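S.K.: dropping the sequence and predicted coords here.
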Amino acid sequence: MRTFVAWTLAIAVLGMNGRVRAQPQAPVPGADKPARSLKDVAALHLRCSYYKNGRIYVNVLGTPEGKPLTVPPEKGWEDFKPSWSKTGDMLVFFRRVKNDPVVTNWKTKICVINVDGTGLHELSDGTHTDFNQTWTRDGTNTPIWNRKNPDTGGFCVMKSKVGAKPGEEVALTDKTHHAWAYTCLTDGRILVQCAHPEQGWGYFLMKPDPGGKPGYRRIDCELAKKGLLDRVSLSPSEKKVCFEYQTGFKYNMMGRTLYVADFDADKPAITNARPFANQEGANRWFAYPRWVKGETAIVYHASPSLYLYTLADDSTVQVSTGPRADYRYPHGERQPK
């Protein structure tokens, strides 16, 4: 069985502060196409949240940043991976409060903040390894995330609620086997990677049953038979997904290709996948594709910058403006991952 153990080894390119070591900065293929310019992108007024040098920003793509939304209160702390609520008024992110060369040994806090910078509060206490937070799409604005089980090295899916206190979070999956949540559906199901004790390793739509036994339906995907899908993001219509992909099952963040594909929640299945970034497999960190502007465009990072890919004309343009900054983890307004 392929387990999540491979994921815990994904530390080779990360330094002590969790930042990617220097990588070749060749231009992203397609980024010089004339179909889009930085001025054109700014005129679209696409608001995104993202990480820049350890802080969270909310900004219009293609324009310089103002003040950060978050400023960690302690030296060495950093804020990561903001996810925008479907209602558009809140972000959920994680704050790293204890560093380690092994990313899965970090200690983190799940935090919620209003988009205007008010209302910051913590949902977990910083004694756990909590990652990949997002929101449900079922109208409840429920924050969910993945928590490491220190006994097994795998993860389970947690949930809480806005305004809750640390310690009030509950598990949605069994802690004895690995489950990692990526994105949520409006019907309440969650797309997960799972080492299921009966169905084996793979990608599933998981139907939560708090206090009971969640249901799992395997997602059919040809690419998943040959390699790893990661950081899967569901489009607003729930008819498409975008994701990172690597051939083979030994986890490696560098050199991944970004894909867009059709998604059928009824079968369920991921089909008609096509690459749109790093098809050549350059040794660079291409990651975190997220939907913006409905589902007409995808924002992503290719270390250390942010890029916007437009589906209609197959164009790509760099949309981050800080020449020496470390940009990561973009997330479109009102579009939970």
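M.R.: Cool, got the structure.

S.K.: give the contact list for residue 322.
M.R.: Applying Cβ atoms under 8 Å, 6 or more residues apart in numbering to residue 322 gives the contacts 52, 64-65. Using the backbone N, CA and C atoms, a C-beta is placed for each residue, glycine as well.

S.K.: for it, helix, strand, or coil?
M.R.: Classification of residue 322 using DSSP: H, G, I helix; E, B strand; the rest coil returns coil.

S.K.: how close does it sit to residue 96?
M.R.: Taking Cβ to Cβ, to the nearest Å as the criterion, residue 322 is separated from residue 96 by 21 Å.

S.K.: could you do residue 205 as well?
M.R.: Look at residue 205 and residue 96: by Cβ to Cβ, they are 30 Å apart.

S.K.: the more surrounded of these two?
M.R.: residue 96 (23 against 19; other Cβ atoms under 10 Å).

S.K.: list the buried residues of the longest helix belonging to the chain.
M.R.: For the chain, the helix with the greatest residue count under DSSP state H is helix 38-43. Across helix 38-43, burial judged by 16 or more other Cβ atoms under 10 Å covers 38, 41-42.

S.K.: what's the average pLDDT for that helix?
M.R.: The average pLDDT within helix 38-43 is 87.

S.K.: check stretch 187-205 too.
M.R.: Here the average pLDDT along stretch 187-205 is 96.

S.K.: for it, how far is the first residue from the last?
M.R.: Chord length of stretch 187-205, first to last residue, is 11 Å (Cα to Cα, to the nearest Å).

S.K.: now stretch 62-80
M.R.: End-to-end distance for stretch 62-80: 21 Å, by Cα to Cα.

S.K.: now stretch 273-289
M.R.: End-to-end span of stretch 273-289 (Cα to Cα): 14 Å.

S.K.: equivalent analysis for stretch 193-212, please.
M.R.: Using Cα to Cα, one end of stretch 193-212 lies 20 Å from the other.

S.K.: can you give me the buried ones in it?
M.R.: For stretch 193-212, the neighbour count (16+ other Cβ under 10 Å) marks 193-196, 201-208 as buried.

S.K.: next: stretch 152-164.
M.R.: Within stretch 152-164, the residues scored as buried using 16+ other Cβ under 10 Å are 152, 154-160, 162, 164.

S.K.: let me know the closest of those residues to residue 109.
M.R.: Of all the buried residues of stretch 152-164, residue 160 has the smallest distance to residue 109: 11.8 Å, by Cβ to Cβ.

S.K.: could I get the contacting residues of the closest one?
M.R.: Here residue 160 is in contact with 110, 123-124, 142-143, 168-170 (Cβ under 8 Å, 6+ apart).

S.K.: repeat that for residue 289.
M.R.: Contact analysis of residue 289 by Cβ under 8 Å, 6+ apart lists 231, 233, 242-244, 258, 260, 277, 298-300, 309.
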